[in-house]
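Undergrad: Pasting the sequence and the predicted model now:
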Amino acid sequence: MNKTIRKLAYPYYGWLYFLAIVPIAIMFVLIFFDIEGISFGEASFTFRNFGLFLEPSTIEAFLNSFLFATMATLVSAVLGYMVAYPVFRSRFRNKFIILTLFILPMWSNMLLRTEALGNIMERHNIYTDLLGLESGFNLRGSNLAVLIGLVITYLPFMILPIYTALEKIDPSLEEAALDLGVSEMRKFWKVVFPLSFKGVITGCIMVFLPCMSGFAIPEILGNGNIMLIGNIIEQSFRNMSYNLGSLLAITILFFIFGSLLIVNKVDKDGGTLI
Amino acid sequence: MKKVIIELRDVVKQFDDDLIVNGINLQIFENEFLTLLGPSGCGKTTTLRMIGGFEQPNKGEIIINGKVFNDIPPYARPINTVFQKYALFPHLNVFENVAFGLKNRGWDYLCRFFKEEEMRSEILKEKEARGHIDPRVTKRDLKKKINEKISEAVKKVLDLVKLTGLEKRKIDQMSGGQQQRVSLARALVNRPQILLLDEPLAALDLKLRQNMQYELKEMQRKLGITFVFVTHDQEEAMTMSDRIVVMKDGLIQQLGTPKDIYNEPVNRYVATFVGESNIIPGRYLGNQKVAFLGAEFDCLEHPFKVNEPVDVVIRPEDFDVVNHEKAKLSGMVTSSIFKGVHNELLVDIQGHEFIVNTYENYSVGEPIGLKVDPYEIHLMRVENHE
């Protein structure tokens, strides 16, 4: 590539370097030290931090994260397919508009959105006021509330890759299936679904990762009752125990890279990532 | 008399306001190789898709084996299609692609397809041979037998299209020619009565295309399946077809054997679309005589009125180059291109340009004398709107 053109990306490289690569490297180093804050003066090399993995609270948080992320991913996958498929099938000309509607909520601030959702989940909320009801039921603070929050927030990440994968299926393949004597239902399971599956995988990973590592949604909708790994990382850094926070953050990072490898394997050309 | 297998009656198809097929009447016979020929947008592919069941006609009837098939979905027709871009399933290998049509059929269909009675007796024989006392045929036995039969059928059809041993290949690891064969095998394994082919050779290179033309023709003869072939390539149509349907603007222009269409085109459009031709305005004089370019020529008997204006068609290869004394027409060579076997000359005769194919060498600017035999002169009715 032309050298001058390559220089255009330098500002971004600087940003990437100082705000991503260096911090990750520092976090990686911090794993092996036992210090408060970042004061390397009295640092000593140790593996003691790894004991964190044996603590019940960490294990529970990991399990919680995993369970919530898995549940949210499964629910989103089903809901996402149920949305993407009709859009794909609809004869509406400008499907881009429909898809934009799905992304629309993502343009409002996530914290505000989650807080608003939390409000609706309370016993007295805007709907009970409007409808003049005595009281609804309180969801906020429950597992279900967190799950709903995760699904609502990350569903668009599921819909888009599935839709893209569906849209890329050559229509003549469906005709060929019908021509070879299969019914509409069988055509879906034998041709359409397998060919859109890489979109489902991409979507699953795009939903699973933020669900696994996020902390705002469980914090707000769980009223602090539900501890995910993201919450522990957040607390560790807030309490100046950078070593433990780094350890957990790096662990999550490994998960992320692992998942990206999976995406890379199923979807070589990256066609479903838009 | 040949048996009619497909009949189209006044079939009309329009998309929104576009009239694509404008009232087609056509009978297709059993075991024939019929080609729909025409430029893109002439309605040939739409006609094929209506036969296949992918489009419903707005008007008219599609009759297959004597029954109206208008609203019957593709999977219930005794028809299979070879698609233009093959439409092979990329998530399946060659074997799975070819077996798709059989593997996904219902139990009853497969029992009929492979003849249940025969399978039962085969199973019994095998069991007896293995020494079973009181052998009985269970549903599981039949299921196993059907799977065996499917594998056999797939193997056989892959042999037929010369892809033996490539069962496990992935589709994206095959060349265009091989993919073409897989899609042919995938259709043929279902033993359709009718095979529809939508420009299947368009994406292949010249040599491969010519080979496939012969193979397709050979296959059609051997299998006794009715082939309905769509192409815009007149040479392809000539090589393979028993009959050709020349189409334009959703209408059939001419229906006939390749020879008829080439030698006796009904109008200017067919004459120019099928092969090169020289078309000259003339006048029919009656008594097997026609006048054009200021001379009188002998021709064959035609049903025109005396002194009726006609279009005279002479194919470039039908001119004879002769000495000036014998020549009825004389002109001047304005261009000469060597085409391998022959030379293609452009000859100016009284201001009209003619294409003449000859083995003789002429250079630009030379005078040339031409003669045409009576049976090489074809007359057409003059069309007013052209």
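TA: Happy to help now that I have it.
Undergrad: Contacts only, for B:Ile133.
TA: Applying CB atoms under 8 Å, 6 or more residues apart in numbering or on different chains to B:Ile133 gives no contacts. Where you see a C-beta, it was placed from the backbone N, CA and C, and this is true even at glycine.
Undergrad: Look up phi and psi at it.
TA: phi -90, psi 140 (degrees, to the nearest 10).
Undergrad: Against chain B, how distant is the most centrally placed residue in chain A?
TA: Most central in chain A under CA atoms, centre = their mean is A:Pro210, positioned 2.8 Å from the mean C-alpha point. Distance of A:Pro210 to chain B, computed by CB to the nearest CB, to the nearest Å: 29 Å.
Undergrad: how many other residues sit next to the residue nearest to that residue when sequence neighbours are not counted?
TA: Among residues not flanking A:Pro210 along the chain, A:Tyr154 sits closest, at 6.0 Å (CB to CB, 6 or more residues apart in numbering or on different chains). Counted with other CB atoms under 10 Å in any protein chain shown, residues neighbouring A:Tyr154 total 24.
Undergrad: A:Tyr154: helix or strand, and which one exactly?
TA: Here A:Tyr154 sits within helix A:143-167, counting by DSSP states H and E.
Undergrad: by contact count, what packs against the very next helix or strand once past that helix?
TA: Downstream of helix A:143-167, the next assigned helix or strand under DSSP H and E is helix A:171-179. Helix A:171-179 makes packing contacts with helix A:184-187, strand B:79-82 when contacts are defined by 3 or more CB pairs under 8 Å, 6 or more residues apart in numbering or on different chains; DSSP states H and E.
Undergrad: lowest-confidence stretch among these?
TA: For the helices and strands packed on helix A:171-179, mean pLDDT drops lowest on helix A:184-187, to a mean of 89.
Undergrad: Show residues contacting that helix.
TA: Contact partners of helix A:184-187, identified using CB under 8 Å, 6+ apart, comprise A:174, A:177-178, B:104.
Undergrad: try stretch A:87-105
TA: A:83, A:113, A:155-156, A:159-160, A:163, A:166-167.
Undergrad: Report the distance from that stretch to the chain centre.
TA: The chain centroid and the centroid of stretch A:87-105 are separated by 22 Å, computed with CA atoms, centre = their mean, to the nearest Å.
Undergrad: Just the terminal-to-terminal distance for it.
TA: Separation of the first and last residues of stretch A:87-105 by CA to CA, to the nearest Å is 18 Å.
Undergrad: separation between A:Glu234 and chain B?
TA: The gap separating A:Glu234 from chain B is 42 Å, by CB to the nearest CB.
Undergrad: Hmm, A:Pro218 and that residue touching each other?
TA: No. The criterion here is CB atoms under 8 Å, and A:Glu234 misses it with A:Pro218 at 10.3 Å.
Undergrad: In terms of packing, which of those two has more residues around it?
TA: A:Pro218 (29 against 17).
Undergrad: Enumerate every residue touching that one.
TA: Contacts for A:Pro218 (CB under 8 Å, 6+ apart) come out as A:68, A:146, A:149, A:226-228, A:230-231.
Undergrad: Same check on B:Val21?
TA: Neighbour list for B:Val21: B:11-14, B:43, B:46-47, B:50, B:57, B:250 [criterion: CB under 8 Å, 6+ apart].
Undergrad: Output those as a markdown table; include the columns secondary structure, neighbour count and distance to chain A.
TA: Compiled in a markdown table, those are given as follows (DSSP: H, G, I helix; E, B strand; the rest coil; neighbours: other CB atoms under 10 Å in any protein chain shown; distance: CB to the nearest CB, whole Å):
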| residue | secondary structure | neighbour count | distance to chain A |
| --- | --- | --- | --- |
| B:Val11 | strand | 25 | 20 |
| B:Val12 | strand | 15 | 22 |
| B:Lys13 | strand | 23 | 16 |
| B:Gln14 | strand | 15 | 17 |
| B:Gly43 | coil | 23 | 18 |
| B:Thr46 | helix | 23 | 14 |
| B:Thr47 | helix | 29 | 16 |
| B:Met50 | helix | 24 | 13 |
| B:Pro57 | coil | 22 | 17 |
| B:Gly250 | coil | 23 | 22 |
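Undergrad: and which of the contacts of stretch A:87-105 is nearest to B:Glu152?
TA: Taking CB to CB as the measure, B:Glu152 lies nearest A:Leu166 of the contacts of stretch A:87-105, at 35.9 Å.
Undergrad: And for that closest one, the neighbour number?
TA: Using other CB under 10 Å, A:Leu166 has 20 neighbouring residues.
Undergrad: Quick check: it touching A:Phe193?
TA: No. With contacts counted by CB under 8 Å, A:Leu166 stays clear of A:Phe193, the gap being 9.6 Å.
Undergrad: Could you list the low-pLDDT ranges of the stretch 1-150 of chain B?
TA: B:1 (pLDDT under 70).
Undergrad: Next: the stretch 51-200 of chain A.
TA: Along the stretch 51-200 of chain A, segments meeting pLDDT under 70 span A:135-136.
Undergrad: for the helix holding A:Tyr154, packing partners?
TA: helix A:56-89, helix A:95-103, helix A:110-120, helix A:193-213, helix A:216-221.
Undergrad: ok, back up a step: please tabulate the helices and strands packed on helix A:171-179 in a markdown table, including the columns mean neighbour count and distance to B:Asn323.
TA: Formatted as a markdown table, these follow (neighbours: other CB atoms under 10 Å in any protein chain shown; distance: least, CB to CB, whole Å):
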| stretch | mean neighbour count | distance to B:Asn323 |
| --- | --- | --- |
| helix A:184-187 | 14 | 70 |
| strand B:79-82 | 26 | 53 |
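Undergrad: and these as CSV, adding distance to B:Phe100?
TA: Putting the helices and strands packed on helix A:171-179 into CSV (distance: least, CB to CB, whole Å) gives the following:
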stretch, distance to B:Phe100
helix A:184-187, 10
strand B:79-82, 11
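Undergrad: Quick check: which of these is nearest to B:Ile314?
TA: Proximity to B:Ile314, assessed across these by CB to CB, is greatest for strand B:79-82 (37.6 Å).
Undergrad: Just the CA atoms of whatever helix or strand comes next after that closest one, as PDB, please.
TA: Downstream of strand B:79-82, the first helix or strand assigned by DSSP H and E is helix B:94-103. Once non-C-alpha atoms are left out, helix B:94-103 reads as follows in PDB (Å, rounded to 0.1, in the frame of the first residue of the first chain):
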ATOM      1  CA  VAL B  94     -21.300 -33.800  -3.900                       C
ATOM      2  CA  PHE B  95     -23.000 -37.000  -2.700                       C
ATOM      3  CA  GLU B  96     -25.400 -35.100  -0.300                       C
ATOM      4  CA  ASN B  97     -26.200 -32.700  -3.100                       C
ATOM      5  CA  VAL B  98     -27.100 -35.400  -5.500                       C
ATOM      6  CA  ALA B  99     -29.000 -37.400  -2.900                       C
ATOM      7  CA  PHE B 100     -31.000 -34.400  -1.700                       C
ATOM      8  CA  GLY B 101     -34.000 -35.000  -3.900                       C
ATOM      9  CA  LEU B 102     -34.400 -38.600  -2.800                       C
ATOM     10  CA  LYS B 103     -33.300 -38.300   0.900                       C
END
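Undergrad: I am finished for the moment; much appreciated.
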